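Q: sharing a model prediction with you, sequence too.
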Amino acid sequence: MISKRLIAGSRIFARGYRPAGFEYINPINSRGPLKYGKDSPQYKVLSHTLAKSVPMYGFNERAIVNSLNELGYPSTMLSVIGSSNGPSFFHSSPALMELLKFHLVDKRLNLTENISLETPVDQLPSLEHLVIKRLEMNVPVAKHLSQLLSQLSIPGPFLVDYSMPELHRLSDDMIYFSTEKDHNDFAWYSKRLAVSCAYVSSELFMAQDRSPDYKETFEFAREKLHRVSTLGEYYNNTEEFAWYTLLSTINLVKSQLARG
């Protein structure tokens, strides 16, 4: 495993540990786990849904249908969106699963789209800046975050193949494209788990936050990052994240079965 190296104020990129390095070759056309580009109907519908319909209706099929109608696409296109996704026990449709995936991937890539591979180290943003910026991206859909997080953590292939990997890719990107000191070997995993925990805890806090402009959420996130970066609480955060995943999964299964 190879960590990032800094030489003469600029970065030498050798990221053997990254499973998706192609994302940085051409981020305009390469959308990672998404199988379509920005000029595709799927991208146009899902980006419109996320920006215009989700703030009104939440993360559900109704939001996608609303955008299909506004963009003039036939409602039958709903069956095409997300057709590559496998069946899920709890999710209502492959189209909804694709919307959730689109939200995770698109926001992650947009977070660092203005940082090039040649950006000097002294011009990189701080880890705190990137975490706060990513949380700010949630503001338009903040009242639907509980719904989003509950769907992302439902046990099944989607959780294993997309929800968890995207969370850790986000943490990886925020560390890699910031001034945060990087590590190798086991410290690499523990630090990313710690940042993942800090971020998802902040999203959970944001879902319940009623303070003006989500001020308390951003204060909560800064405190979490302070503990990770300054106090080095990698073990505690990793343990906390594991318990969060376990308990939320159990509670979600119970609530879903009760509804059935």
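A: Right, received. Where do you want to start?
Q: so which strand or helix has the residue nearest the centre of the chain?
A: By C-alpha atoms, centre = their mean, the chain has its centre lying nearest to Leu104, at 3.9 Å. For Leu104, the element it lies in under DSSP states H and E is helix 94-111.
Q: now do the helix or strand that that helix is followed by: which elements does it pack against?
A: Going down the chain from helix 94-111, the next helix or strand is helix 127-136, by DSSP H and E. With contacts taken as 3 or more C-beta pairs under 8 Å, 6 or more residues apart in numbering; DSSP states H and E, helix 127-136 sits against helix 94-111, helix 164-176, helix 186-208, helix 215-229. Every C-beta, even on glycine, is put in place using the N, C-alpha and C of the backbone.
Q: lowest average pLDDT across those?
A: When those are ranked by mean pLDDT, helix 186-208 comes last with a mean of 84.
Q: so it versus helix 215-229, what angle?
A: 170 degrees (axes from the mean of the first three to the mean of the last three C-alpha atoms, to 10 degrees).
Q: on contacts alone, who are the packing partners of helix 186-208?
A: Contact partners of helix 186-208 among helices and strands, from 3+ C-beta pairs under 8 Å, 6+ apart: helix 127-136, helix 145-152, helix 164-176, helix 215-229, helix 234-259.
Q: quick check: angle from the strand or helix carrying Ile64 to helix 94-111?
A: Assigned by DSSP H and E, Ile64 falls within helix 61-71. Between helix 61-71 and helix 94-111, the angle comes out at 80 degrees (the same axes, to 10 degrees).
Q: which residues of the stretch 1-150 of the chain score low on pLDDT?
A: The model of the stretch 1-150 of the chain has pLDDT under 70 over residues 1-32, 85-92.
Q: can we see that at 80?
A: 1-33, 83-92, 117 (pLDDT under 80).
Q: circling back to that earlier point, how about the helices and strands packed on helix 127-136, which one is nearest Ile132?
A: Evaluated over these, closeness to Ile132 peaks at helix 215-229, with 5.7 Å, by C-beta to C-beta.
Q: domains of the chain?
A: The chain breaks down into these domains under automatic domain parsing: 31-111, 116-260.
Q: how close does the residue lying closest to the residue nearest to the centre of the chain once chain neighbours are set aside get to Pro155?
A: Spatial nearest neighbour of Leu104, chain neighbours left out: Glu166 (4.1 Å); criterion: C-beta to C-beta, 6 or more residues apart in numbering. From Glu166 across to Pro155, the span is 16 Å (C-beta to C-beta, to the nearest Å).
Q: neighbour count for these two, which is higher?
A: Glu166 (20 against 16; other C-beta atoms under 10 Å).
Q: so what's the more buried one up against?
A: Glu166 is in contact with Pro33, Lys101, Leu104, Val105, Arg108, counting by C-beta atoms under 8 Å, 6 or more residues apart in numbering.
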